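1. Would you be able to build a 3D model of this:
(one chain, ligands or ions: 1)
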Amino acid sequence: MKMQINGKAVEACGGEVFGIKNPATGELIEQVPHGTEEDVVFAVEAASSAFASWASSSPQQRAGVLYRAAEIARQRKDQLAFLLTQEQGKPLVEARNEIEGFAHVLEYYCGLAGNLKGDFIPVPGNGYAFTLKKPLGVCAAIIPWNMPALIMGWKIAPGLISGNTLVLKPASNTPLTNLTLASIFGEAGLPAGVLNVVTGPGEIVGESLVRSPEVRKISFTGEARTGKRVAELAACGMKRVTLELGGSDPMLVCDDADLESAAAGALRGRFYNCGQTCTAVKRLYVFESVAEEFIKKLEAGIKNLKLGNGLDKNTSMGPLNNRTQWEYVKELVAEIKEKDTGKIITGGKVPEFKDSEKGYFFEPTLVSDVPGDSRLLREEVFGPLLPVVTVKGLDEAIGKANNTCYGLGASIWTKNIDRARAGCEQLNAGIIWINQHLKIAPEVPFGGVKESGFGRENGPEALSEYLETKTIMLKT
Ligand code: NDP
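-> Residues are numbered from 1 along each chain as shown. A predicted model of the protein is given here:
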């Protein structure tokens, strides 16, 4: 598996490589080039050379290529899902959903190809004006390891359809599915140089890309801390930036909620992808009158989750993706036990099953009696830990939910329209769900407020992130 530059597989300068390991077994799956600054220069030059021709093709021609790529990805869904599970750890069923989501986002933006048009504006006094929508040039897409295929789609679909060329930097833990998907674009007829992929460390490949004078926009998804660094570097070159950063989504369960459905929503919301989703349910605020019953339902649901290698068809939760996250989750739980800062209702340890010691497994864990200053509530916990906090009513729940530096998503579970409306109006987040959590669709704008970032992906909004408005004024 090699980098894709100028539409071709290439070795890194110097020929250095690094290994990609399966997080469930520790086995080496593949090696990829350890990209350098020179590789970034090479990829940006390829993207820059390809720009004029791609930008002058019609949106419908570009849509033709993206449709074909979506079709091929669907045809190879099973192989791609297998590769994604191998490198990321998620159960096969989730990996298949992700590949399906990738194809769907491509198709959605193909459908918007006809929307890439400006406006006509009559101007008082014998004249008129119109606007043109122009692509920006070379754009960089930097993506994380939790949903590498889907997030690749979120960036390259609006970027390519609007006539930009791209250089993609995958996460170093999960570059294989991205590289395979990029090669599919070549098969689909994407001209050489329009989409390039450079693998290698964020500090080298990512930063060189952000610094490159030819790169006009950076779409970054990852941690808030890295996002700040990207924003700082991009500011020096006056570049456009979209930042999709971390979240600590609260879920509010009122006393009139359908508790059965809320419990199912909380379990899926927290433990999907082993808790490694930016919009996972990371804090649960439950009215105290229903808390005991609700916690019992959660506990029963957690006991039904089947932890194991994602390639095993019975698995409903795989391992964490990497050692850093695994150590972090273990440290948080050890601290709770040591300092008595929460009651572990179920889970709380590394599981023991055949070969479990080879992977980054941790039991799905439910913690109650969590104090307000707990790290579980203050930090973005990317793992299978669910803290439950009881509240007296809605005002307290909303106040506590908003007491965070993040603002990605939030959900409120109630049958009462006034409560639902209060949640929509007062919860400070980019996306609010009512009686659901985690549902994301390419048709719907997605992004955060506060330290969860700025700019929007998905929906028609994402197109404007990749287009410049050029105004033409005519005097007649
Ligand atoms: P990181 O911020 O560590 O890495 C994200 C990407 O940035 C990787 O490709 C990484 O490369 C690269 N990178 C690292 N350092 C730099 C740098 N200095 N300059 C440029 N690029 C750099 O995040 P994770 O991969 O750990 O992903 C998890 C995070 O992503 C969580 O916080 C999660 O909430 C967030 N996320 C947000 C989403 C959203 O839409 N809001 C969606 C999904 C995830 P390398 O891998 O080589 O280090």
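
2. can you tell if stretch 455-469 touches the ligand?
-> No. Stretch 455-469 lies apart from the ligand when judged by Cβ under 6 Å from any ligand atom; the minimum separation is 6.7 Å. To be clear about C-beta, it is placed using only N, CA and C from the backbone, and glycine gets the same treatment.

3. what about that stretch, distance to the chain center?
-> Taking the mean of its C-alpha atoms, stretch 455-469 sits 16 Å from the chain's own mean (Cα atoms, centre = their mean, to the nearest Å).

4. what does stretch 324-335 give?
-> So, by Cα atoms, centre = their mean, the centroid of stretch 324-335 is 22 Å from its chain's centroid.

5. Kindly report the same for stretch 290-301.
-> Between the centre of stretch 290-301 and the centre of its chain there are 29 Å (Cα atoms, centre = their mean).

6. Same question for stretch 217-231.
-> Counting by Cα atoms, centre = their mean, stretch 217-231 comes out at 12 Å from the chain centroid.

7. ditto for stretch 99-106
-> Going by Cα atoms, centre = their mean, the spacing between the C-alpha centre of stretch 99-106 and its chain's C-alpha centre is 13 Å.

8. Buried by neighbour count: which residues of it qualify?
-> Across stretch 99-106, burial judged by 16 or more other Cβ atoms under 10 Å covers Ile99, Glu100, Gly101, Phe102, Ala103, His104, Val105, Leu106.

9. In the stretch 51-200 of the chain, what residue spans correspond to helices?
-> Counting by DSSP state H, counting those that start in this stretch, residue ranges of the helices within the stretch 51-200 of the chain are 59-75, 77-88, 92-111, 148-161, 176-187.

10. and those, which is most packed in?
-> Taking mean count of other Cβ atoms under 10 Å as the contact definition, the stretch among the helices of the stretch 51-200 of the chain with the greatest mean neighbour count is helix 148-161, which reaches a mean of 27.

11. which helices and strands does that helix pack with?
-> Contact here means 3 or more Cβ pairs under 8 Å, 6 or more residues apart in numbering; DSSP states H and E; on that basis helix 148-161 packs against helix 59-75, helix 77-88, helix 92-111, strand 138-142, strand 165-169, helix 176-187, strand 215-221, helix 461-465.

12. out of these, nearest to Lys450?
-> strand 215-221 (16.3 Å; Cβ to Cβ).

13. Check which element follows the closest one along the chain.
-> Secondary structure here is assigned by DSSP states H and E; on that basis, the next helix or strand after strand 215-221 toward the C-terminus is helix 224-236.

14. about what we covered before: got the buried residues of stretch 99-106 as CSV, with pLDDT columns?
-> Converted to CSV, those look like this (pLDDT from 0 to 100):
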residue, pLDDT
Ile99, 98
Glu100, 98
Gly101, 98
Phe102, 98
Ala103, 98
His104, 98
Val105, 98
Leu106, 98
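
15. Relative to Pro191, how far out is the closest residue in space to Glu468 that isn't next to it in sequence?
-> In space, Glu468 comes closest to Lys134 once its chain neighbours are excluded; the distance is 4.7 Å by Cβ to Cβ, 6 or more residues apart in numbering. Using Cβ to Cβ, to the nearest Å, Lys134 is found at 19 Å from Pro191.

16. again, but for Val17
-> Val17 is 28 Å from Pro191, where distance means Cβ to Cβ.

17. same deal with Glu214?
-> In this structure, Glu214 and Pro191 are 18 Å apart, going by Cβ to Cβ.

18. residues in contact with the lowest-mean-pLDDT helix or strand in the chain?
-> The weakest-scoring helix or strand in the chain, judged by mean pLDDT, DSSP states H and E, is strand 8-10 (a mean of 85). Residues outside strand 8-10 that contact it (Cβ atoms under 8 Å, 6 or more residues apart in numbering) are Lys2, Met3, Gln4, Pro33, Asp39, Phe42, Ser183, Ala192.
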